[in-house]
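Student: Below: sequence and its predicted model.
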Amino acid sequence: MDGQDSEDPKQSTADMTVFVQNLLQQMQARFQTMSESIVTKIDEMGVRINELEQSINDLRTEMGAEGSPSPLPPSKNPEEIKPEEGSA
């Protein structure tokens, strides 16, 4: 019986090692999949941002070509505007 007792801890250690290795491999595969998914989504967002910038530039060009005035009045510098009321 002593022979069996000495083999059980070795077998148990080997089983635990295999289990941990498999678990680590599964975790690595999942992290790799998530990483690739995140990179793909970031790339897609970059493409969308570039398309949006191009659309904005196209709209600016159209507005400039039509000779229409800017929809926003020229803004005044807030430092130039000094309230006179309530000054002590």
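Tutor: Structure received.
Student: only C-alpha atoms for contact and neighbour calcs from this point on.
Tutor: Fine.
Student: Tell me how many other residues surround residue 63.
Tutor: Per other CA atoms under 10 Å, the neighbour tally for residue 63 reads 13.
Student: can you pull the contacts of it?
Tutor: By CA atoms under 8 Å, 6 or more residues apart in numbering, residue 63 lies in contact with nothing.
Student: Which of the helices or strands spans it?
Tutor: Assigned by DSSP states H and E, residue 63 falls within helix 2-66.
Student: could you give the mean pLDDT of that helix?
Tutor: The average pLDDT within helix 2-66 is 91.
Student: and the gap between residue 36 and residue 50?
Tutor: Going from residue 36 to residue 50 by CA to CA, to the nearest Å gives 21 Å.
Student: meant to ask about residue 39, not that
Tutor: 17 Å.
Student: can you check residue 66 too?
Tutor: Counting by CA to CA - residue 66 and residue 50 are separated by 24 Å.
Student: Which one's more surrounded, these two?
Tutor: Shown here are residue 66 and residue 50; by other CA under 10 Å, residue 50 has more neighbours (12 against 8).
Student: Distance check, that one against residue 24.
Tutor: 39 Å.
Student: Same check on residue 56?
Tutor: For residue 56, the distance to residue 24 equals 48 Å [CA to CA].
Student: now residue 14
Tutor: Residue 14 is 15 Å from residue 24, by CA to CA.
Student: Kindly report the same for residue 13.
Tutor: 16 Å.
Student: for residue 54, same thing?
Tutor: Taking CA to CA, one finds residue 54 at 45 Å from residue 24.
Student: Repeat that for residue 11.
Tutor: For residue 11, the distance to residue 24 - CA to CA - is 20 Å.
Student: same thing with residue 55?
Tutor: 46 Å.
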